[in-house]
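Novice: give me the fold of what follows.
(one chain, ligands or ions: 1)
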Amino acid sequence: MEPAVAEIVRVLRGSRKYGALCTETLERVARWAALRQRTPRAAARAARSKLHQVYGAYLASGHWRVLERVQAEMEAVALPVGTAPSQADEIRDCARRVLSLHASTSERLAFQEQLYPRLLRGLRPAHGALRVLDLACGLHPFALPWMGLPVGSEYVAWDIDLRLVAAINRFLDLLGQRGRAEARDLLCGPRALERSERGKRGERAADDPQVYREADLVLILKTLPCLERQERDAGVRLLSGLRAQRVVVSYPARSLGGREKGMVATYDRQVHGLAEILGAQVERLEYPTETFHLFTWP
Ligand SMILES: C[S@@+](CC[C@H](N)C(=O)[O-])C[C@H]1O[C@@H](n2cnc3c(N)ncnc32)[C@H](O)[C@@H]1O
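Specialist: Prediction:
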């Protein structure tokens, strides 16, 4: 790592707000800032403000303490013999409290019982089990008890926050769920440049070790606007690097501040453009707080 970039990463790593983000992300943003600022101080400031744009609205510090407490509570639950952890009322209550810690997942609580059967409908599981990839997952894996995945399914979740990754792995262990959470930045990769060129041409990559994953279902929930703020055309590049039976992309129906601003129509236009570039068919699913788009390929 170049010394100027290493210095910015060191400063970010020491900050309470961004210190737990994965190295890939800190390096990527530090490199971006170092290229644009003359002094290390100005670069560190620019990096922090960039991170605030993309990450600042995620969990506040008090929420991490609640998450830790609720996880400890879940782990102390004595399960009646023969009860699967995901079916136990106490564990579901705790998972619901975790999901309510952030607007993205909290807003879904009202309709999650109906949502997952619709997202899974028609998927053809190999050997009866599904492979699910949840990108930029946030707290969403805590909804696993409501997803109704077939037994033996694998759930892989990626996010840039190491605390989230650790918390999700604890939860997967508790449920006995196959899969894992990993610290991955969707905008990083050894072949990012090549991928970006391919993405612009609308090709779907089959050989990209960083982003390409075989999965039955890929979830990219309420995340594309955040990725697009970090890098133009991030959406088309990301989707073109996936190979899956179904990719679900969702958008909020209003901003975190509660304003509508014609967001649904804007995002619908983006989805239409994405589908055209990627040669996908799209099914639209609308709930009051979130619109889901199910991409499939003929
Ligand atoms: C609005 S939240 C959505 C969380 C979740 N998908 C949901 O809908 O419940 C956005 C998430 O994207 C993650 N994120 C932001 N930039 C990312 C990147 N470049 N790579 C991977 N994850 C990222 C954040 O850490 C945060 O958890």
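Novice: what sits against A280?
Specialist: A280 is in contact with 247, 274, 295-297, counting by Cβ atoms under 8 Å, 6 or more residues apart in numbering. Just so you know, the C-beta spots here come from the backbone N, C-alpha and C atoms, and that holds for glycine as well.
Novice: ugh, wrong one, A47
Specialist: Contacts of A47 (Cβ under 8 Å, 6+ apart): 8, 11-12, 29-30, 32-33.
Novice: make it 10 Å
Specialist: Contacts for A47 (Cβ atoms under 10 Å, 6 or more residues apart in numbering) come out as 5, 8-9, 11-12, 15, 18, 26, 28-34, 36-37.
Novice: if I look at it, how far off is the ligand?
Specialist: A47 sits 14 Å away from the ligand, going by Cβ to the nearest ligand atom, to the nearest Å.
Novice: host element of that residue?
Specialist: Using DSSP states H and E, A47 sits in helix 40-55.
Novice: picking that back up, give me the buried subset of the contacts of A47.
Specialist: For the contacts of A47, a burial check counting by 16 or more other Cβ atoms under 10 Å picks out 5, 8-9, 11-12, 18, 26, 28-34, 37.
Novice: these in helices, which ones?
Specialist: Counting by DSSP state H, these place 5, 8-9, 11-12, 26, 28-34 in helices.
Novice: show me where this structure has its helices.
Specialist: Ranges of helices in the chain, per DSSP H, are 3-13, 23-36, 40-55, 61-75, 89-99, 103-106, 112-120, 144-147, 162-175, 192-200, 224-230, 234-240, 263-278.
Novice: between the ones you listed, which gets the lowest average pLDDT?
Specialist: Per-stretch mean pLDDT for these is lowest at helix 192-200 (a mean of 44).
Novice: can you find the residue of the stretch 51-200 of the chain that comes nearest to the ligand?
Specialist: At 2.6 Å from the ligand, G138 is the closest residue in the stretch 51-200 of the chain, using Cβ to the nearest ligand atom.
Novice: circling back: so which bits of the helix holding A47 are buried?
Specialist: Using 16+ other Cβ under 10 Å as the test for burial, helix 40-55 gives 40, 43-44, 46-48, 50-51, 54-55.
Novice: which of the ones in helices among the buried ones among the contacts of A47 sits closest to N169?
Specialist: Nearest to N169 among these, counting by Cβ to Cβ, is L26 at 20.8 Å.
Novice: could you confirm whether stretch 288-298 reaches the ligand?
Specialist: No: Stretch 288-298 stays clear of the ligand (Cβ under 6 Å from any ligand atom), getting no nearer than 8.2 Å.
Novice: can you list the domains in the protein?
Specialist: Here the domain assignment for the chain is 3-55, 102-296, based on automatic domain parsing.
Novice: export those as CSV, with columns for distance to V70.
Specialist: Listed next are these as CSV, based on distance: least, Cβ to Cβ, whole Å:
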stretch, distance to V70
domain 3-55, 18
domain 102-296, 9
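Novice: and this structure, which residues reach the ligand?
Specialist: Residues of the chain lying close to the ligand (Cβ under 6 Å from any ligand atom) are 54-55, 58, 104-105, 136-138, 140, 158-161, 185-187, 221-223, 226-227, 230.
Novice: is it correct that G179 is in contact with L133?
Specialist: Yes: at 9.3 Å, G179 and L133 qualify as touching, with contact defined as Cβ atoms under 10 Å.
Novice: list residues touching both of these two?
Specialist: With Cβ under 10 Å, 6+ apart, G179 and L133 have common neighbours 154-157.
Novice: just to revisit the earlier point, tell me, what's the model's pLDDT at the residue of the stretch 51-200 of the chain closest to the ligand?
Specialist: pLDDT recorded at G138 is 95.
Novice: find the residue closest to it in space, skipping its chain neighbours.
Specialist: Take G138 and drop its neighbours on the chain: the residue closest to it by Cβ to Cβ, 6 or more residues apart in numbering is S104, 5.6 Å away.
Novice: would you mind confirming that that neighbour makes contact with P225?
Specialist: No: counting by Cβ under 10 Å, S104 does not reach P225; the two are 11.6 Å apart.
Novice: contacting residues around the nearest residue to G148 once chain neighbours are set aside?
Specialist: Closest residue in space to G148, ignoring its immediate chain neighbours: Y116 at 5.7 Å, by Cβ to Cβ, 6+ apart. Residues near Y116 by Cβ under 10 Å, 6+ apart: 108, 143-144, 146-149.
Novice: go on, H140?
Specialist: Residues in contact with H140 (Cβ under 10 Å, 6+ apart) are 99, 102, 104-105, 108, 134, 147, 157, 159, 164, 168, 219, 221-223.
Novice: from those, pick the one nearest T83.
Specialist: Closest to T83, out of all of the contacts of H140 and judged by Cβ to Cβ, is M147, at 17.8 Å.
Novice: sounds good, over and out.
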